[in-house]
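S.K.: Okay, here's the prediction I keep looking at, along with the sequence it came from:
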Protein chains: 4
Amino acid sequence: MPDGDLIREIAARVEAFVRDVVVPYERDPRCGTHGPSDALVREMREKARAAGVLTPHILADGSHLTQRETAVVLIKSGLSPLGPLACNTMAPDEGNMYLLGKVASAEQKQRFLAPIQQGIARSAFFMTEPAEDGGAGSDPSMMKTVCRLDGNHWVINGRKAFITGADGAKVGIVMAKSDEGACMFLVDLPDPAIRIERILDTIDSSMPGGHAVVTIDNLRVSADQMLGAAGEGFKYAQVRLSPARLSHCMRWLGACIRAQEIAIAYACKREAFGKLLVDHEGVGFMLADNMIALKQAELMIDWCAGVLDTGSLGTVESSMAKVAVSEALMRIADNCVQVMGGTGVTGDTIVEQVFREVRAFRIYDGPTEVHKWSLAKKIKRDRLKAQA
Amino acid sequence: MPDGDLIREIAARVEAFVRDVVVPYERDPRCGTHGPSDALVREMREKARAAGVLTPHILADGSHLTQRETAVVLIKSGLSPLGPLACNTMAPDEGNMYLLGKVASAEQKQRFLAPIQQGIARSAFFMTEPAEDGGAGSDPSMMKTVCRLDGNHWVINGRKAFITGADGAKVGIVMAKSDEGACMFLVDLPDPAIRIERILDTIDSSMPGGHAVVTIDNLRVSADQMLGAAGEGFKYAQVRLSPARLSHCMRWLGACIRAQEIAIAYACKREAFGKLLVDHEGVGFMLADNMIALKQAELMIDWCAGVLDTGSLGTVESSMAKVAVSEALMRIADNCVQVMGGTGVTGDTIVEQVFREVRAFRIYDGPTEVHKWSLAKKIKRDRLKAQA
Amino acid sequence: MPDGDLIREIAARVEAFVRDVVVPYERDPRCGTHGPSDALVREMREKARAAGVLTPHILADGSHLTQRETAVVLIKSGLSPLGPLACNTMAPDEGNMYLLGKVASAEQKQRFLAPIQQGIARSAFFMTEPAEDGGAGSDPSMMKTVCRLDGNHWVINGRKAFITGADGAKVGIVMAKSDEGACMFLVDLPDPAIRIERILDTIDSSMPGGHAVVTIDNLRVSADQMLGAAGEGFKYAQVRLSPARLSHCMRWLGACIRAQEIAIAYACKREAFGKLLVDHEGVGFMLADNMIALKQAELMIDWCAGVLDTGSLGTVESSMAKVAVSEALMRIADNCVQVMGGTGVTGDTIVEQVFREVRAFRIYDGPTEVHKWSLAKKIKRDRLKAQA
Amino acid sequence: MPDGDLIREIAARVEAFVRDVVVPYERDPRCGTHGPSDALVREMREKARAAGVLTPHILADGSHLTQRETAVVLIKSGLSPLGPLACNTMAPDEGNMYLLGKVASAEQKQRFLAPIQQGIARSAFFMTEPAEDGGAGSDPSMMKTVCRLDGNHWVINGRKAFITGADGAKVGIVMAKSDEGACMFLVDLPDPAIRIERILDTIDSSMPGGHAVVTIDNLRVSADQMLGAAGEGFKYAQVRLSPARLSHCMRWLGACIRAQEIAIAYACKREAFGKLLVDHEGVGFMLADNMIALKQAELMIDWCAGVLDTGSLGTVESSMAKVAVSEALMRIADNCVQVMGGTGVTGDTIVEQVFREVRAFRIYDGPTEVHKWSLAKKIKRDRLKAQA
């Protein structure tokens, strides 16, 4: 783990803020089933700003922490499911900021990135499409949303699904296919041409705005709102891909560290059959398994982050990390629920929520199976190359 | 599997009713997050009554199907999470009816059992207690709720937790400890001495009334409302235990059979990376695993039911079945979610709910670990006996 | 489980014989690493004959027990890895007897089947081929061994691998491809045209003659030694397939029942950290898991056997049983090894051997993955049919 | 991973030596079932000496590589099960050298350590005892072997089991209990007072001399052969414990890396059902799982090594690493076997042996359950401390 003084200090500040200020909000009724309300987010962010922990992974001079450093900070922000919202380290904004930082023009940064970075605007990434349309899910080549140039505007049509945070977002990044290939556009939201059909009822509930299904109906975007160049959309998606995947791992690792703390506290207090739960090997072994798995998740994140820090796209490594971490976190969260018995399946602690969140995480940013599929291709490719 | 004509006919009728009449209610907003409303239950039960599938496991002459026969019917009622509510085969009523059928006096049956059996009253079983009080969870010997005789009334004091369906129930079975040992009482509900503190936010959402925390404050019960004899409460709990455990297995097996159907339909329609999902081994193998596990669950239930049908309490066998079936159903439900990708974590199908329900099932009626603990004791006991 | 008096009596006799007479041979040096010697097999079979337990699943009148009855008997014969050899219920002979009983002509039965059934000749089934040749493994369509008619003889050429028991066998069933399709031939062994290249060093060690690689070099077989008709070879393979698969499940279930007994005895005697191993939940839970899994394996075998007894080929059901049982037995055997600590990885008990045998079983008669692949096909087929 | 030029160079030399020189010996008949013969070891070591890769983790000046550096080198030496024997990085010698380097007097180092380090003597560590005696296995407090002072000699009596390499060793470290507590003694071997009762038949076969059961009958040892001080035996065992555990992880990780290479090569060449095995997701996913698990094992070893390099005993961390790595390697080896089908369970490649070796590794140096037990204690201890 990186251990520069600055990073240590930022991480400590974020941890203290989350534990002291954010955790009490976990019982706030504004947490909602489709994600916390924007009012709640605003309230927490004001406190974060005051505490100097808003957007803590981007420094005052605009520079971004390295990925290894980011990990140290984002894990701490994740100690509460509300922490990333409070600190502005949440998805999809964190990934969107990263992408815009890399690809946007100076004007685009000023107009679209700055407000996100300042924590006064939320953003959404319009990529995946409804399964019932046969649209793009894990396989981006199936994208059906189209864009065509009309004078100095682009006109976009299609439907998108699982658009996290679309409801309430101020900034949108919309992906569509032109004759030249995939394109990305920056748009101000809300826009009447982007109609929210419905907010999906999903098993997770941590993301403001929830996950929307939207219709894009003749959305007109000025040509200078194109992100980068036409036809390069998949390339930019690649830039965002690995860091975004990895930051999910970071935040949910934080949440599982906290779930483990809660489960340990419970097991060290609750008795059954004549002794503390923790003294039952059946319980103690689950906690020991978690202890090991948490460490492994941390190491895997640090390793992958180190690869990204070399400048590599890290597609293979982030697939490895995503599978390893998300599957490990599921077992950890599941163990925590089980250790806590009946209490584990109630909202009395965040353990129940963390379990639900991690279940969704095993699917978004690529289901486990899609990553294994691409790793198997890589294995074959490397073998054939070695033979040649 | 039993294959008498009568059972086959009942099961077919229940299946048709659930598929045709109940399934459409799954999108009804009255399904609620703390369980379906009683209005919805009443509406479905009227249709069930008309279709001749209300309380289908108890015949017109009051006789109860054998456990093996019950399994065939209850699995079908479980094809929708709403099915057991519609058909009155749900927990805790099904177990309560079974218990009263075995232990209640004729007068008690008339007063308390009949309305449950007719589907016009719901019931609740007041046994487990709050963990924060150090009360009875999986270990019934920790019971803190007490009763004492005061003239020809019993006076009961204590707190109870996870009391499924207490909110809205008409009949309660309350367990408390007297000097002579555990006792059970039949009470009319609501009763001001049984105060509902709150309904827990739980991961499951199929049970009307949800799971309540209640305070019992000087509840006075006439002596003739004692179920059976004083001090025999744990014995009666044993009578209820195995069949109730097993009927959970039956209903949730039904739900997972349906989840598998939904996942198969999805995998045979949705494409990714150039072919149908089902043609990806990564998906097809999950469905094959489910196919095997569903069969194993069915066999385990049938076997355990057969043991109960011999008159055995089946404590060991129902522990084995509970562990095997609940853990298998979790894997099945998890696979179904995964196969369906993003759609799997939404409420667009019941797969997401089934996943949450089965998570809770791995804890209620004894967490997996408690059953393994008692099986290990049994293994040791048998070995020492064999050596003696 | 079938419970006819006759079957119960046969099974009891087999069990007593295996436990009393066969088990002591487990320490016999003739057990060997490539499988027990024929001298040892002969010696045990004489005792089996005397005890009336030789080929116990085929009655004096030549009739074969039903598959459900066979299961009851074969499980008992499997209580020792040597039991099936002693009782002549072993692979591949058991499957070969079954096949010849179904397909061979009267003359062929007299000449080839009778000596196997009498336990005086061993047989081998020449089907799979070397991977290095790209020959038939799990995919029989890749068969490279060929046969062609030359007058009233067939001439066979090819190589075969994993030919269990070829070394020492008196009877061979050889599969080869003609212009009309796959054919099967009955041959007397040894034959100079069937040269044993080597006996493979395999992880298992229970089968006399081990597993051979053989070259078939211009083997000439009289036309009347063809089993059934030309081109029907795969059909006959299907006849043998499911019962042979299932009888492996039966025998290894028996072995794992015994391994569990040994592990329990150890855990109820050996202490560590202040108490008996069995009193450590970490150990007791493994034994409880085994207890459940053994029951599930038994139920799955009984169910599949019942399907075969209806006259069905049971291809799907035996795939399901093969996967479920072999994978469960692996976990069981692995747990037994682990419970016994250092002793578990030594030859001081059969637990270590059972672990090795079951590892191989997860591959032969179709690796788990091949079965899942075909089950996934079945799932798709059924879905498409239901939609049509 | 450490990346100093020196370490990289040593590791590269070791890798080249193992791949080019050692691998061909894998088919040498002297590999044996109780471990390779000393003649074979001598022959390989001469070549290692010539190649400058004998005892590569101890430099010419007697200094020991750091643990993180050692990992890089030992993983390479493990690419063949014979590699550690050839390079003198094998157990128990590697751990014994480490212990003597830390605790032995100058004279003891000269007499006992030097010949081991030079690769001309093998050593054995006499600690564990027969289960049938109720002796010390995982719980060292159960030690029954005793020593008492008689003039300026110690007299030792007892029995030991699983004494790896005792047969053929020149140097022994014997542990026994005195009135002052546990003691360790250095002895020349063979010694008539240390009688080898038998070499156990074990599932593994990589260690020269196998695993012996020995009787120690009035062994007299000069007082100056005591290692360190009387009563400090367990403390010294702790010094040896973590690095020895970890070096097992290193070597077997190397072996599993190689097993994966073999499985990949097979899957990229062998076809079934119309395509290469690797193109079947059922196979490709197993290889992808392995790819991830191998990386996790490497990271866990590096992390734990880093903790040891700080001077910590690393008891907790090495328990975590031992469990994580040994269980992961088992799954990896099992997958490799499965990918290779029939070939996987034969000795035609080392995959089958690696599977057997890793099975034993899950038990020696503390079974998984013992480590989890001690981790659970640690979790409880930390929680109670935090509360205080």
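M.R.: Received the coordinates, thanks.
S.K.: The stretch 151-300 of chain A against chain B: which residues are in contact?
M.R.: Residues of the stretch 151-300 of chain A found near chain B (C-beta under 8 Å from any C-beta of the partner chain) are A:161-162, A:200-204, A:211, A:266, A:270-273, A:280, A:282-283. Where C-beta positions appear, they are placed from N, C-alpha and C, glycine not excepted.
S.K.: Show the buried residues in these.
M.R.: A:161-162, A:200-204, A:211, A:266, A:270-272, A:280, A:282-283 (16 or more other C-beta atoms under 10 Å in any protein chain shown).
S.K.: Keep only those that also lie close to chain C.
M.R.: By C-beta under 8 Å from any C-beta, the members of those lying near chain C are A:280, A:282.
S.K.: Show me the two of the buried ones among the residues of the stretch 151-300 of chain A next to chain B that sit farthest apart.
M.R.: A:161 and A:271 (47.7 Å; C-beta to C-beta).
S.K.: returning to that earlier point: what about the residues of the stretch 151-300 of chain A next to chain B, which are in strands?
M.R.: Among those, the ones falling in strands (DSSP state E) are A:161-162, A:211, A:271-272.
S.K.: all strands in the stretch 251-388 of chain A, in order from the N-terminus.
M.R.: Using DSSP state E, counting those that start in this stretch, the strands of the stretch 251-388 of chain A run over A:271-272, A:275-276.
S.K.: If you could redo that for the stretch 51-200 of chain A, that was the one I meant.
M.R.: Using DSSP E, counting those that start in this stretch, strands in the stretch 51-200 of chain A cover A:123-126, A:146-150, A:153-164, A:171-178, A:181-188, A:194-199.
S.K.: Is residue A:246 in contact with residue A:304, as I believe?
M.R.: Yes: counting by C-beta atoms under 8 Å, residue A:304 is a contact partner of residue A:246 at 5.7 Å.
S.K.: pLDDT at the residue of the stretch 151-300 of chain A found nearest chain D, what is it?
M.R.: Closest to chain D within the stretch 151-300 of chain A is residue A:284: 2.8 Å, counting by C-beta to the nearest C-beta. On pLDDT, residue A:284 comes in at 98.
S.K.: Domain-wise, how is chain A divided?
M.R.: Per automatic domain parsing, the structural domains of chain A span A:5-90, A:123-231, A:234-387.
S.K.: Do me a favour and get the backbone dihedrals for the residue in chain A sticking out farthest from the centre.
M.R.: Going by C-alpha atoms, centre = their mean, the residue of chain A most distant from its centre is residue A:274, 43.0 Å out. Note on residue A:274: its backbone torsions stand at phi 90, psi 0 [degrees, to the nearest 10].
S.K.: do the same with residue A:216
M.R.: Dihedral angles for residue A:216 - degrees, to the nearest 10 - are phi -110, psi 120.
S.K.: So in terms of bridging, what pairs with it?
M.R.: For residue A:216, the beta-bridge partners are residue A:158, residue A:194 (DSSP bridges).
S.K.: Write out the residues of the stretch 151-300 of chain A neighbouring chain C.
M.R.: Residues of the stretch 151-300 of chain A lying near chain C by C-beta under 8 Å from any C-beta: A:280-282, A:285.
S.K.: Spatially nearest residue to residue A:346 (excluding sequence neighbours)?
M.R.: Using C-beta to C-beta, 6 or more residues apart in numbering or on different chains and skipping the chain neighbours, the partner closest in space to residue A:346 is residue B:200 (4.6 Å).
S.K.: isn't the one you found right up against residue B:211?
M.R.: Yes: using C-beta under 8 Å, residue B:200 is in contact with residue B:211, at 4.8 Å.
S.K.: so what's in contact with these two at the same time?
M.R.: Common contact partners of residue B:200 and residue B:211 (C-beta atoms under 8 Å, 6 or more residues apart in numbering or on different chains): A:346, B:161-162.
S.K.: Going by distance to chain C, which of those wins?
M.R.: For the shared contacts of residue B:200 and residue B:211, the closest approach to chain C (C-beta to the nearest C-beta) belongs to residue B:162, at 24.2 Å.
S.K.: what sits against the closest one?
M.R.: For residue B:162, the contact set (C-beta under 8 Å, 6+ apart) comprises A:342, B:128, B:200, B:211-213, B:364.
S.K.: picking up where we left off before, residue C:281 versus the nearest residue to the residue of the stretch 151-300 of chain A closest to chain D once chain neighbours are set aside, what's the distance?
M.R.: Leaving aside its sequence neighbours, residue A:284 sits nearest to residue D:376 (C-beta to C-beta, 6+ apart; 2.8 Å). Distance of residue D:376 to residue C:281, given as C-beta to C-beta, to the nearest Å: 10 Å.
S.K.: hey, what's in contact with both of those two?
M.R.: Shared contacts of residue D:376 and residue C:281, defined by C-beta under 8 Å, 6+ apart, comprise A:281, A:285.
S.K.: shared neighbours, residue A:246 and residue A:304?
M.R.: Common contact partners of residue A:246 and residue A:304 (C-beta under 8 Å, 6+ apart): A:67, A:314, A:318, A:321.
S.K.: Quick one: which of the residues you listed is the most crowded by neighbours?
M.R.: When neighbours are taken as other C-beta atoms under 10 Å in any protein chain shown, the top entry among the shared contacts of residue A:246 and residue A:304 is residue A:321 (30 neighbours).
S.K.: so it sits right up against residue A:246, yeah?
M.R.: Yes: in this structure, residue A:321 is within contact of residue A:246 by C-beta under 8 Å, at 6.1 Å.
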